[in-house]
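S.K.: 3D model of this:
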Amino acid sequence: MNATPQSASSPGTPTGSQKLEPALVKLIGILLLGAIPALLDTTIVNVAIDTIGRDLHTTVSAIQWVITGYLLSFGMIIPFSGWALARFGGRATWIFALTVFLAGSVLSGAAWNIASLIGFRVLQGIGGGLLLPLLTTLITQQAGGRQLGRLLAAVSLPVAVVPILGPVISGLIISNISWRWIFYVNVPMCLLAIALAWRGLAPGGRQQASPRARPPRLDVIGLLLLCPALVGLLYGLAQVSSSGGFGHPKVLVPIAAGLMLLAGFAVHALRMTGEPAVDLRLFRSRSFTGGSGLMFIGGLSIYGAMLLLPLYFQEARGYSALAAGLMLVPQGVGSLLPRTILGKLTDRYGPRPVSLAGIILAAAGTVPFALAGLHTSVILLGAALVVRGAGLGAATIAPMAGAFQGLPKAELPHASSAIRIAQQVGGSFGAAVLVVILTRQAAAHHAAHAAGLVTAFGHTFWWCVGFTALAVIPALLMPGRPAVQPASPNGQPTPASGKQLQGQS
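M.R.: Numbering: from 1, shown residues only. Sure, this is the predicted structure:
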């Protein structure tokens, strides 16, 4: 899909004032349709865990692997996305990922026992783990570095909203049909996405990650170090809640092994002369380092709180699973409302001030839950979720835009992979830490009583506020106001150099 020319712009007009070109809008629509099922599956299964466990006659410790297995395979496959894109092209890689995810969905719905369901969820995670980095890479490549704030505002809308709607959709399906349909619901969306991708995406090398004639060689050694490192880290973090904390060997051993393998990959990636699985030299860019750090802490805050919030409404307030899912809708609304203006503000004022404003709003929207009592108004809590959603939207759009600023087109797949890995590990870490904190707070405050349970949740939400505040540190590394771009002789605005984009202060 070739980009159409930009409309003429007067000298000194920033690119943020231009509309997204039609070819780019079409690409965004095609790719978002394919990404929605993978995004939905990050949360839609959570509400169904209890029902699935009873139907398949299994234990809680076994059923948790329906979620953990998906996250592990999701994280493990991310480093392959850049190589696959450069080797096979955008359309072929995208359709392959959709097909794998579709197969995993159908098989998960037809699972006959817990072992088969876990295995098919791993297959699903492989497809989903390829889809999301490809989504970001293909769109940023098509945009050519222009209007990243407005562009990522459009792209990140379903990323923010769809996982929040997952518990609601899951509750409706379980209440009216069968848990198996939480997987079958992906089938029509995937089939339509495959058909649109076949017709609408350019074949072959026109959407490859690099314009070179020869595709890069697969970094086998790097993948053999990085993939087990991610699995070790994510597996260890997944064991924290069931092992009673971070001091158990089931947690320490895989995390230590993961860190050692990660260090080995870092040495390998920095020494090799070819193209590594993930190019760590990207972190020489201050803006990329800030964006990645903010996405890590954002993953910690978003996914950690997304675990706490439904538990709070179900356990502390006594709501049903469906009602708890509905209570999360205001956060999705908050993410949706300022989406367009956030992109414009990021393009106009730079990622740093927008990120800082988002952090303040996200923290402010979490404080009422830390202060809530047994009879705190749900209207107040719903309003707080709207504010929190708006803050999380800003703290997601701006760092993504800032991280990609000034990077060469060939580096975008590596950048996309690195950011997704940071967000995935951050999310797993946040969920693990907050579950341990909640467990210990519940024991300390006699959570058998409703008042004690509310107090335990309140203290845990204060920790979540603290994690959100930590995001200020990487946010300060983000670029400030972008430079005004002079017009080229033909009347088109000239792209800002990487130095200009990365060095704004």
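
S.K.: What residues sit buried inside the longest helix that the chain contains?
M.R.: Determined from DSSP state H, the single longest helix within the chain is helix 412-444. Buried residues in helix 412-444, counted by 16 or more other Cβ atoms under 10 Å: 412-439, 441-442. Where you see a C-beta, it was placed from the backbone N, CA and C, and this is true even at glycine.

S.K.: helices and strands around that helix, which ones?
M.R.: On a contact count with 3 or more Cβ pairs under 8 Å, 6 or more residues apart in numbering; DSSP states H and E, helix 412-444 meets helix 65-77, helix 80-88, helix 114-143, helix 220-238, helix 240-243, helix 286-311, helix 378-404, helix 450-470.

S.K.: Can you lay out those as a markdown table showing mean neighbour count, mean pLDDT and distance to Gly104?
M.R.: Formatted as a markdown table, the helices and strands packed on helix 412-444 follow (neighbours: other Cβ atoms under 10 Å; pLDDT from 0 to 100; distance: least, Cβ to Cβ, whole Å):
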| stretch | mean neighbour count | mean pLDDT | distance to Gly104 |
| --- | --- | --- | --- |
| helix 65-77 | 23 | 76 | 9 |
| helix 80-88 | 23 | 80 | 16 |
| helix 114-143 | 24 | 84 | 3 |
| helix 220-238 | 21 | 81 | 18 |
| helix 240-243 | 18 | 68 | 25 |
| helix 286-311 | 25 | 76 | 21 |
| helix 378-404 | 25 | 82 | 26 |
| helix 450-470 | 20 | 84 | 32 |
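
S.K.: Specify the local secondary structure of the closest residue to Arg286 other than its chain neighbours.
M.R.: Excluding its sequence neighbours, the residue lying closest to Arg286 (Cβ to Cβ, 6 or more residues apart in numbering) is Leu477, at 5.2 Å. Three-state call for Leu477 (DSSP: H, G, I helix; E, B strand; the rest coil): coil.

S.K.: what's the answer for Thr273, then?
M.R.: coil.

S.K.: Could you pull up the residues touching it?
M.R.: Neighbour list for Thr273: empty [criterion: Cβ atoms under 8 Å, 6 or more residues apart in numbering].

S.K.: and if you look at the one 5 residues further on?
M.R.: Applying Cβ under 8 Å, 6+ apart to Val278 gives the contacts 79, 82, 222, 226, 269, 414, 417-418, 421.

S.K.: tell me which element it falls in.
M.R.: Counting by DSSP states H and E, there is no helix or strand that carries Val278.

S.K.: how close does it sit to Thr93?
M.R.: 17 Å (Cβ to Cβ, to the nearest Å).

S.K.: do the same with Pro133
M.R.: 10 Å.

S.K.: go on, Asp50?
M.R.: On the measure of Cβ to Cβ, Asp50 and Thr93 end up 37 Å apart.

S.K.: neighbour-wise, which of these two wins?
M.R.: Set side by side, Asp50 and Thr93 show more neighbours around Thr93, with 26 against 14, by other Cβ atoms under 10 Å.

S.K.: Could you double-check that that one sits in contact with Ala86?
M.R.: No: assessed by Cβ atoms under 8 Å, Thr93 is found out of contact with Ala86, at 9.2 Å.

S.K.: Now the closest residue to Leu201 other than its chain neighbours: which helix or strand?
M.R.: Distances taken as Cβ to Cβ, 6+ apart place Arg91 nearest to Leu201, at 3.9 Å, with adjacent residues excluded. Secondary structure from DSSP H and E places Arg91 in helix 90-109.

S.K.: related to what we said a few turns ago, now for Pro133 and Thr93: what residues contact both?
M.R.: Common contact partners of Pro133 and Thr93 (Cβ under 8 Å, 6+ apart): Ser81.

S.K.: Could you break this structure into its assigned domains?
M.R.: If you go by automatic domain parsing, the domain ranges for the chain are 17-207, 217-274, 284-483+496-505.

S.K.: Tell me how far the spatially most central residue of the chain lies from Ser320.
M.R.: Closest residue to the average C-alpha location of the chain: Gln423 at 5.7 Å, with Cα atoms, centre = their mean. Look at Gln423 and Ser320: by Cβ to Cβ, they are 30 Å apart.

S.K.: With Arg352 instead?
M.R.: 42 Å.

S.K.: Look at those two and report which has more neighbours.
M.R.: Between Arg352 and Ser320, counting by other Cβ under 10 Å, Arg352 is the more crowded of the two (23 against 13).
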